[in-house]
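Q: Attaching a predicted model along with its sequence, questions to come.
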Amino acid sequence: MKIEQFYDENLAHASYAILSENEIALVDPARDPKPYLDFADANNAKITAVIETHPHADFVSSHAEINRKTGAKIYVSKLLNPLYEYTPFDDGDVIALGKIQLKAINTPGHSPDSISVIITDENGKDYAIASGDTLFIGDVGRPDLREKAGAIQKAREDLAKMMYESINEKLLKLSDDLLVYPAHGAGSLCGKALSQERVSTLGKQRKENYALQPMGEEEFVKVLLQDQPMIPKYFGNSVEMNRKGAPDFDASVNAVPLLDKNAKLEEDTIVIDTRSKDEYGKGHLKGSINIPESKSFETWLGAIVAPNENFYLICETEAKCREMIARTARIGYEGLIKGALTNPDIANEKSIEFDYDSFKENSSFFNIIDVRNFGERRDRVIFEKSEFIPLHQLRERLDEVKTDKPVVIHCAGGMRSAIAQSIVLSKKDVQVFDLGERVREF
């Protein structure tokens with residue numbers, strides 16, 4: 001038996017190929033099926049099963065495409081009620097894979113239809129658990145993503161109670177030496193305290209994971225619901241796309257047109273400029289929004305742009321355009337792209353240089369906006385006279401931005417404030433400055 005982990009650094013997403021003899025089962029594959037098909041070829045093996053632990057909110061899976069290309073059966077909980085052909089995989093169900101077995105256990109909490117997969121080795125011993133978004137290293141899955149999405153919708157308090165039962169009645173009754181293979185690591189928005197570690201044991205989690213410590217249900221629900229991160233706009237859309245099964249990755253990406261740099265763009269369509277803040281500042285299209293290429297590009301794109309909004313992508317080079325289209329497809333947004341292009345010749349809007357010394361000397365001459373998240377703001381207010389508008393809400397709350405003075409925007413380190421600056425400038429006729437990394441001086 002071999003278990004291969006595939007990790008997407010940008011979405012902090014882990015997927016798995018489980019190999020026994022010449023058969024492979026995949027667990028929670030990413031949108032691009034190529035790494036899994038290559039793994040099968042390299043091991044002279046056939047993908048016979050694709051297991052989805054739940055309909056994911058933070059990324060789009062390739063389970064439907066892999067089924068079409070290989071004939072592998074898709075296994076999910078019947079509670080998921082998928083809109084494609086599937087084999088139910090719930091408590092007591094077993095998949096025979098070469099000389100090993102994969103056993104399903106229903107572990108609701110992150111979602112009502114979540115399952116985990118116990119991997120039993122050639123000797124019949126429980127060896128590992130692919131825990132999906134139920135159990136992470138250092139955390140458990142957040143319970144507040146299925147209030148308005150999926151075949152079954154549940155209030156966050158109800159899902160938190162389900163998570164409590166899944167942990168105490170199922171997971172904690174398993175052996176301490178069981179390896180834990182989660183679907184996410186640090187940086188994912190599917191939990192709030194995920195570790196940098198990518199594999200652990202149940203025994204170690206029993207000692208170190210805050211959510212596995214002895215506590216009553218009421219306390220657990222309160223602790224779990226506290227300080228969960230933002231919910232990006234795209235999450236509900238991804239759940240439904242995963243229930244339906246996404247279109248083929250390559251065909252979908254290649255369908256996005258690459259435009260001439262000076263092509264006429266449709267008015268009133270969002271323009272997302274993916275170049276660095278510095279390049280954007282040297283010259284950009286008026287009204288465009290700067291979401292620089294970074295590890296969190298997909299997350300911020302899906303947090304700022306809604307799944308019913310079309311947009312253009314501006315990139316540094318044509319090759320970079322192709323890369324960013326592919327990254328956009330990982331959250332199922334490629335169909336929203338009207339076209340991708342390099343920076344047009346008419347992109348002559350420039351960022352005004354920020355007089356930082358003047359701001360530091362007397363910040364009262366500016367309207368200050370804090371775009372951090374709720375927990376950061378609660379823990380520390382950096383400027384007492386500042387307006388608090390989290391970045392993912394900024395486009396919808398632009399009417400709250402005062403324009404009687406120049407505006408200075410800050411976050412915790414500079415990334416979010418750069419995005420926010422461009423959002424405000426896209427709609428407001430006012431001087432807007434980004435405090436950037438200098439916020440750390442306060």
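A: It's in. Please read all numbers here as calculations on a predicted model, not as lab measurements. Numbering: from 1, shown residues only.
Q: What are the buried residues along stretch 73-85?
A: Counting neighbours by 16 or more other C-beta atoms under 10 Å, one finds that the buried residues in stretch 73-85 are 73, 74, 75, 76, 77, 79, 80, 82. All C-beta atoms are positioned from the backbone trio N, CA, C, and that covers glycine.
Q: would you turn those residues into CSV with pLDDT?
A: Below are the buried residues of stretch 73-85 laid out as CSV (pLDDT from 0 to 100):
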residue, pLDDT
73, 98
74, 98
75, 98
76, 98
77, 98
79, 97
80, 96
82, 96
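Q: Confirm for me that residue 18 is in contact with residue 6.
A: No: between residue 18 and residue 6 there is no contact under C-beta atoms under 8 Å: 11.8 Å.
Q: neighbour-wise, which of the two wins?
A: Between residue 18 and residue 6, counted using other C-beta atoms under 10 Å, the more crowded position is residue 18 (25 against 17).
Q: beta partners for the more buried one?
A: Bridge pairing for residue 18 (DSSP bridges) gives the partners residue 3, residue 25.
Q: got a list of what it touches?
A: Residue 18 makes contacts with 1-4, 24-27, 97, 100, 102, 119, 130, as judged by C-beta atoms under 8 Å, 6 or more residues apart in numbering.
Q: From residue 242, how far out is the most centrally placed residue in the chain?
A: Nearest to the centroid of the C-alpha atoms of the chain, with distances taken as C-alpha atoms, centre = their mean, sits residue 58, at 3.7 Å. Between residue 58 and residue 242 the computed distance is 10 Å (C-beta to C-beta, to the nearest Å).
Q: Residue 433 now?
A: For residue 433, the distance to residue 242 equals 41 Å [C-beta to C-beta].
Q: Looking at the two, which has the bigger crowd around it?
A: Neighbours around residue 433 and residue 242, counted as other C-beta under 10 Å, are more numerous at residue 242. The numbers are 26 against 21.
Q: The more buried one against residue 55, yeah?
A: Yes: using C-beta under 8 Å, residue 242 is in contact with residue 55, at 4.1 Å.
Q: Name the residue most distant from the centre of this structure?
A: residue 361 (39.7 Å).
Q: got the contact list for residue 272?
A: 288, 289, 291, 301, 305, 311, 312, 313, 314.
Q: next one: residue 231
A: Contacts for residue 231 (C-beta under 8 Å, 6+ apart) come out as 144, 145, 189.
Q: gap between the residue nearest to residue 382 when sequence neighbours are not counted and residue 360?
A: Nearest residue to residue 382, sequence neighbours excluded (C-beta to C-beta, 6 or more residues apart in numbering): residue 442, at 5.3 Å. Distance from residue 442 to residue 360, counting by C-beta to C-beta: 9 Å.
Q: repeat for residue 327
A: Residue 327 is 37 Å from residue 360, by C-beta to C-beta.
Q: what does residue 118 give?
A: Residue 118 is 58 Å from residue 360, by C-beta to C-beta.
Q: Same check on residue 405?
A: Distance from residue 405 to residue 360, by C-beta to C-beta: 16 Å.
Q: so which helix or strand takes in residue 47?
A: Here residue 47 sits within strand 46-51, counting by DSSP states H and E.
Q: can you list the domains in this protein?
A: 2-238, 247-341, 356-441 (automatic domain parsing).
Q: Please identify the deepest-packed of the ones you listed.
A: domain 2-238 (a mean of 20; mean count of other C-beta atoms under 10 Å).
Q: Format the domains of the chain as JSON lines; extra columns: distance to residue 350.
A: Output for these, formatted as JSON lines (distance: least, C-beta to C-beta, whole Å):
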{"stretch": "domain 2-238", "distance to residue 350": "30"}
{"stretch": "domain 247-341", "distance to residue 350": "6"}
{"stretch": "domain 356-441", "distance to residue 350": "11"}
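Q: what's the closest of these to residue 349?
A: domain 247-341 (4.7 Å; C-beta to C-beta).
Q: what's the straight distance from one end of the closest one to the other?
A: 24 Å (C-alpha to C-alpha, to the nearest Å).
Q: how far out from the middle of the chain is that domain?
A: 17 Å (C-alpha atoms, centre = their mean, to the nearest Å).
Q: repeat for stretch 337-346
A: So, by C-alpha atoms, centre = their mean, the centroid of stretch 337-346 is 26 Å from its chain's centroid.
Q: Can you name the residues in contact with it?
A: 256-263, 265-266, 269, 273, 275, 279, 283-285, 310-318, 321-322, 324-325, 328.
Q: how does it look with 7 Å?
A: Residues outside stretch 337-346 that contact it (C-beta atoms under 7 Å, 6 or more residues apart in numbering): 256-263, 266, 269, 275, 283, 285, 310-318, 321, 324-325, 328.
Q: now stretch 62-81
A: Stretch 62-81 is touched from outside by 26, 29-33, 36, 46-52, 54-55, 82, 84, 86-90, 95, 106, 112-113, 115, 151-152, 243, 245-246, 248-249, with contacts defined as C-beta under 7 Å, 6+ apart.
Q: Which of these fall within helices?
A: In this view, these that belong to helices under DSSP state H are 36, 243, 249.
Q: okay if I get those residues as TSV plus distance to residue 164 and pLDDT?
A: Formatted as TSV, the ones in helices among the contacts of stretch 62-81 follow (distance: C-beta to C-beta, whole Å; pLDDT from 0 to 100):
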residue	distance to residue 164	pLDDT
36	34	98
243	26	97
249	37	98
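Q: Now flag whichever of those is closest to residue 388.
A: Nearest to residue 388 among the ones in helices among the contacts of stretch 62-81, with distances taken as C-beta to C-beta, is residue 243, at 35.5 Å.
Q: Leaving out the residues flanking it, which one is nearest to that closest one?
A: Nearest to residue 243 is residue 55, by C-beta to C-beta, 6+ apart, at 5.0 Å.
Q: What pLDDT is listed against the one you found?
A: On the pLDDT scale, residue 55 is placed at 97.
Q: right, and it touches residue 241 too?
A: No: here residue 55 lies out of contact with residue 241, judged by C-beta atoms under 7 Å, at a distance of 8.5 Å.
Q: So residue 192 sits against residue 141, correct?
A: No: Residue 192 is not in contact with residue 141 according to C-beta under 7 Å; the separation is 10.0 Å.
Q: Okay, helices next: where are they in the protein?
A: 34-42, 63-70, 156-169, 202-208, 217-225, 235-244, 249-254, 277-282, 297-304, 318-329, 356-361, 374-379, 415-427.
Q: Perfect, I'm done here.
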